[in-house]
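A.B. asks: Kindly generate the corresponding structure for this input.
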Amino acid sequence: MKVLEGLTSMHRCNVVRLIHRVLQGCREALQHLIFWPDEASIQTFHRDFAPNLQPYFENVAFAVDGMEIRVCQTRRKGPGMKINYSGKKRQYSRNVMVMVMLDGRITYLSSDSHLLSDQGLWNALQLRNYFIGSRWGVLGDGGFYFNPAHHIQQEEDRINGFTPYKRGPENNYTLSPEQKAFNNHLSKLRVVVEDTISCMKKFSVIRGIYHHYSVNKARSSLPLDLVVHVIGLLTNFHLGKSPI
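C.D. replies: As a prediction, this is how the structure comes out:
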């Protein structure tokens, strides 16, 4: 932005308005690149990808993870100060849910949220509804619980979701060789969503601290949601040319 100000002698406000219009144009032109695939598309993808899957993941087609983006800390005190603070990472952040197919292509990208728990955001977005009654499965890390007891009234309510086995008192804090093998295969498949997020964060505007967001303002000069969505679209465009 400072480079544009220097090259064009434009006022900062005008530069921001120009960038905002360009981003809106990109979103409108590329919005077809992020979509939820229909049944036929998933079947075609799965037929090509199935040879790479272990038997217990034979119907898995998706992976999901949250992407935290650091935002500026405001000097003013207010309700926004706490809701955007991540105690785990000790930083002010917004969270975006990213779901991809196992080739890395983004099929769902949420708006930025103050819900920094991946499970909390998954619940708020009601993403289980995409998989209820479907044979297609989704992979997640240890922060997800795809079939919590309060969601399971009958067997049909279960979804085909997989998370790694954890060490705990129920297994004497050790994993069996079979469980270790399961976790290993899951990690090798699930890493695709981390690779996609890594591709998105090659854009320096969200790799560091996003400076155009204030935790005390509902709107900013360059909405984070718009910026992230355009980056997601450009990432899908790149993956279409050079798959992971």
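
A.B. asks: need the helices for this protein, in chain order.
C.D. replies: 2-8, 12-30, 39-49, 80-83, 118-125, 177-200, 204-207, 224-241 (DSSP state H).

A.B. asks: pLDDT below threshold where in the protein?
C.D. replies: Applying pLDDT under 70 to the chain flags residues 1-12, 74-81, 171, 214-220.

A.B. asks: how's it carved up into domains?
C.D. replies: Annotated domains of the chain cover 1-33, 35-241 [automatic domain parsing].

A.B. asks: Dump those domains to CSV, plus mean neighbour count.
C.D. replies: Using the backbone N, CA and C atoms, a C-beta is placed for each residue, glycine as well. Listed next are the domains of the chain as CSV, based on neighbours: other CB atoms under 10 Å:
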stretch, mean neighbour count
domain 1-33, 13
domain 35-241, 16
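
A.B. asks: Select, out of the helices of the chain, the one closest to Asp141.
C.D. replies: helix 177-200 (6.7 Å; CB to CB).

A.B. asks: so how far is that closest one from its chain's centroid?
C.D. replies: Its chain's C-alpha centre and that of helix 177-200 lie 15 Å apart, by CA atoms, centre = their mean, to the nearest Å.

A.B. asks: Next: stretch 23-34.
C.D. replies: 18 Å.

A.B. asks: Wait, Phe45 touches Ala61, no?
C.D. replies: Yes - applying CB atoms under 8 Å, one finds Phe45 in contact with Ala61, separated by 6.5 Å.

A.B. asks: okay, and the common contacts of these two?
C.D. replies: Overlap of the contact sets of Phe45 and Ala61 (by CB atoms under 8 Å, 6 or more residues apart in numbering) consists of Met101, Leu102.

A.B. asks: who's in contact with the residue most central in space within the chain?
C.D. replies: With distances taken as CA atoms, centre = their mean, the residue of the chain nearest its centroid is Val98 (1.9 Å). Neighbour list for Val98: 64-67, 106, 108-110, 193, 196-197, 200, 232 [criterion: CB under 8 Å, 6+ apart].

A.B. asks: nearest to His150, of those residues?
C.D. replies: Nearest to His150 among the contacts of Val98, with distances taken as CB to CB, is Val64, at 19.9 Å.

A.B. asks: What residues are recorded as beta-bridge partners of the closest one?
C.D. replies: Met99 (DSSP bridges).

A.B. asks: how near is it to Tyr210?
C.D. replies: 22 Å (CB to CB, to the nearest Å).

A.B. asks: What of Leu127?
C.D. replies: 24 Å.

A.B. asks: do Asn236 as well
C.D. replies: 21 Å.

A.B. asks: Equivalent analysis for Leu233, please.
C.D. replies: 18 Å.

A.B. asks: same check, this time on Tyr173
C.D. replies: 39 Å.

A.B. asks: ditto for Asp48
C.D. replies: Applying CB to CB to Asp48 and Tyr210 gives a distance of 37 Å.

A.B. asks: can you check Leu116 too?
C.D. replies: The value you get for Leu116 to Tyr210, if CB to CB is used, is 15 Å.

A.B. asks: ok, now Leu186?
C.D. replies: 31 Å.

A.B. asks: Also Thr174?
C.D. replies: Distance from Thr174 to Tyr210, by CB to CB: 42 Å.

A.B. asks: same question, Asn123
C.D. replies: 25 Å.

A.B. asks: same deal with Met99?
C.D. replies: As judged by CB to CB, Met99 and Tyr210 stand 22 Å apart.

A.B. asks: Can you tell me how far the nearest residue to Val60 once chain neighbours are set aside is from Val191?
C.D. replies: Residue nearest to Val60 in three dimensions, not counting chain neighbours: Gly137, with 4.0 Å by CB to CB, 6 or more residues apart in numbering. Per CB to CB, Gly137 is found 16 Å from Val191.
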